[in-house]
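> sequence below, structure please.
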Amino acid sequence: MNNLPTIFSFMQKKLYLLSFLLIYSFCNLNAQNNSNSKRIYGIVIKGGHLIDPKSNINEPMDIATEIATPSVMGQPAVEPRIALIAKNIDTALALQVVNSKGMYVTPGLIDIHTHVFYGHSKTDYLSNGSIAVLPDSYTFRTGVTTVVDAGGAGWKSFPTFKKNIIDLSATRVFSMLNIVGEGMRGGDFEQDIEDMDPEKTATVAIENKDHVVGFKLAHFSKADWTPVERLTKAGRTADMPVMVDFGSGNQSLEELFFKYLRPGDIYTHSFCYVPGVREPIIDTETKLVKPFVRKAQQNGLIFDIGFGSGSFDYRTALPAMKQGFYPNTLGTDLHASSINGAMKDQMNVFSVFLAMGMDIPSIVKAATWTPALTIKKPELGNLSQGAIADLTVMSIRDGDFGFKDIVGNRQEGR
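Just a heads-up that it's a prediction; the model follows:
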């Protein structure tokens with residue numbers, strides 16, 4: 001009993017201390033709330049070199065985003081937008097400040113040529129197969145926020161692609177439907193003209209226009225224009241672009257460009273070099289870019305890299321680049337083989353083209369604003385005030401580096 005006063009006294013002190021902490025916490029919370037009430041921006045990215053091809057900005061600028069709105073009552077969160085772009089934004093007005101001094105701030109990168117219809121099958125190639133890759137594992141770490149799956153799904157398999165990949169990915173994923181209903185399952189599947197149904201393909205695209213942005217033909221090996229005709233019919237019906245990856249039919253590029261493709265359509269694997277299998281864009285003897293190729297680009301045809309594991313070759317790329325023929329888009333052709341080969345990732349593709357003389361603003365444009373316009377999603381790929389706050393911050397590493405093409409030719413760069 002003699003201990004009771006001591007215990008009581010201790011409890012009094014404990015209760016008093018607890019009351020003090022609660023009062024202090026309440027006051028501190030009020031002060032914090034008052035402080036936060038003065039903050040009108042979610043994030044201020046400070047001191048970076050801003051490149052926005054849409055607005056022709058290429059200089060040091062600060063950029064501020066809206067405060068993010070969380071999800072409420074099961075409703076999805078509203079994507080914050082760009083609130084302000086200015087020379088000097090007051091950091092006291094932001095909840096978070098990102099110091100980007102010495103770095104480039106660009107729109108979120110768009111990879112217009114990927115294969116992300118991943119599945120566990122070893123035999124289904126790039127349509128629910130294990131050669132494709134899960135997007136979130138390879139996008140954000142290289143500054144990519146949006147990808148286009150280039151032909152993995154056809155109209156038959158699109159529901160599976162949407163359920164398993166599009167709906168579950170943090171990356172923004174779009175689809176170019178394969179003209180083959182089974183999608184890019186490889187082998188005989190991609191040679192089956194009877195499974196190339198332009199009406200059903202276009203119908204699925206129109207019904208899913210928030211997710212489908214075009215159509216793809218790939219790997220067809222015969223000298224037959226029927227697949228191209230069916231592809232372009234789907235494109236016209238849905239008013240969407242088409243992407244052509246020629247197979248081994250060695251058909252005329254000039255005929256493809258001017259008879260079948262429209263301005264805004266895409267020719268991928270532009271810098272390949274397999275004479276006798278696929279016509280290159282350069283004359284193999286003179287190394288000059290063919291005049292009709294330049295004319296096609298001037299007319300609005302989109303030339304994509306589609307680097308991949310078998311399509312980027314310095315024997316085409318270096319002569320073309322030296323003559324000022326630059327690609328419009330820098331699609332990586334991302335899949336399990338290319339990430340472990342010369343391609344690696346979007347940053348490495350940037351580095352390859354930087355080493356060949358393409359300047360940084362042109363590289364950024366080819367991976368942001370141009371692909372956004374090509375897939376008819378102008379709300380992406382830019383940093384305009386009011387645009388979705390979708391950004392990439394990257395730096396340049398200085399040093400001696402070596403870059404390879406898909407056959408092992410090597411080029412040095414800084």
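
> who touches the strand or helix carrying Thr145?
Assessed by DSSP states H and E, Thr145 sits inside strand 144-150. Applying CB atoms under 8 Å, 6 or more residues apart in numbering, the contact partners of strand 144-150 are 108-117, 135, 138-139, 161, 165, 171-176, 213-214, 216, 218, 243, 245, 268, 306, 331, 333-334, 346, 371, 375, 380, 390, 392. (C-beta placed from N, C-alpha, C; glycine too.)

> alpha carbons of the following helix or strand past that strand, as CSV, please.
Counting by DSSP H and E, the next helix or strand C-terminal to strand 144-150 is helix 158-161. C-alpha atoms of helix 158-161 as CSV (Å, rounded to 0.1, in the frame of the first residue of the first chain):
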residue,chain,number,x,y,z
PHE,A,158,-8.1,-9.3,-77.3
PRO,A,159,-10.4,-10.0,-74.4
THR,A,160,-7.7,-12.1,-72.7
PHE,A,161,-5.1,-9.4,-73.4
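
> next secondary structure after helix 158-161?
strand 172-178.

> show me what the next helix or strand after that following strand is packed up against.
Where DSSP H and E defines the elements, the next helix or strand beyond strand 172-178 is helix 198-207. When contacts are defined as 3 or more CB pairs under 8 Å, 6 or more residues apart in numbering; DSSP states H and E, helix 198-207 packs onto strand 172-178, strand 212-218, helix 226-238.

> send the alpha carbons of helix 198-207 over as PDB?
In PDB, the C-alpha atoms belonging to helix 198-207 read as follows (Å, rounded to 0.1, in the frame of the first residue of the first chain):
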ATOM      1  CA  PRO A 198     -10.900  -7.100 -91.600                       C
ATOM      2  CA  GLU A 199     -14.600  -6.700 -90.500                       C
ATOM      3  CA  LYS A 200     -14.300  -8.600 -87.200                       C
ATOM      4  CA  THR A 201     -11.000  -7.000 -86.500                       C
ATOM      5  CA  ALA A 202     -12.300  -3.500 -87.100                       C
ATOM      6  CA  THR A 203     -15.400  -4.200 -85.000                       C
ATOM      7  CA  VAL A 204     -13.400  -5.200 -82.000                       C
ATOM      8  CA  ALA A 205     -11.200  -2.100 -82.400                       C
ATOM      9  CA  ILE A 206     -14.200   0.200 -82.500                       C
ATOM     10  CA  GLU A 207     -15.800  -1.500 -79.500                       C
END
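
> neighbouring contacts of that helix?
By CB under 8 Å, 6+ apart, helix 198-207 touches 154-155, 158, 177, 179, 181, 212, 214-215, 230-231, 233-234, 237-238, 240.

> again with stretch 311-326
By CB under 8 Å, 6+ apart, stretch 311-326 touches 268-273, 280-282, 287-289, 293-294, 297, 305-306, 333, 342-343, 352-353, 356-358, 362, 366, 405-407, 409, 411.

> what are the buried residues along that stretch?
Across stretch 311-326, burial judged by 16 or more other CB atoms under 10 Å covers 311-321, 325-326.

> partner strands of the host helix or strand of Ile45, parallel or antiparallel?
Here Ile45, judged by DSSP H and E, is contained in strand 41-46. Paired strands of strand 41-46, with direction, are strand 62-65 (antiparallel), strand 94-99 (parallel) (DSSP bridges).

> and the contacts of the longest one?
In this structure, residues lying in contact with strand 94-99 by CB under 8 Å, 6+ apart are 36, 39, 41-47, 64, 67, 91, 393.

> just the strands in the stretch 1-150 of the chain please.
41-46, 49-52, 57-60, 62-65, 82-86, 94-99, 104-107, 109-114, 118-121, 129, 144-150 (DSSP state E, counting those that start in this stretch).

> could you dump the ones you listed into TSV and include mean pLDDT?
What follows is these, written out as TSV (pLDDT from 0 to 100):
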stretch	mean pLDDT
strand 41-46	97
strand 49-52	98
strand 57-60	98
strand 62-65	98
strand 82-86	97
strand 94-99	97
strand 104-107	98
strand 109-114	98
strand 118-121	94
strand 129	96
strand 144-150	98
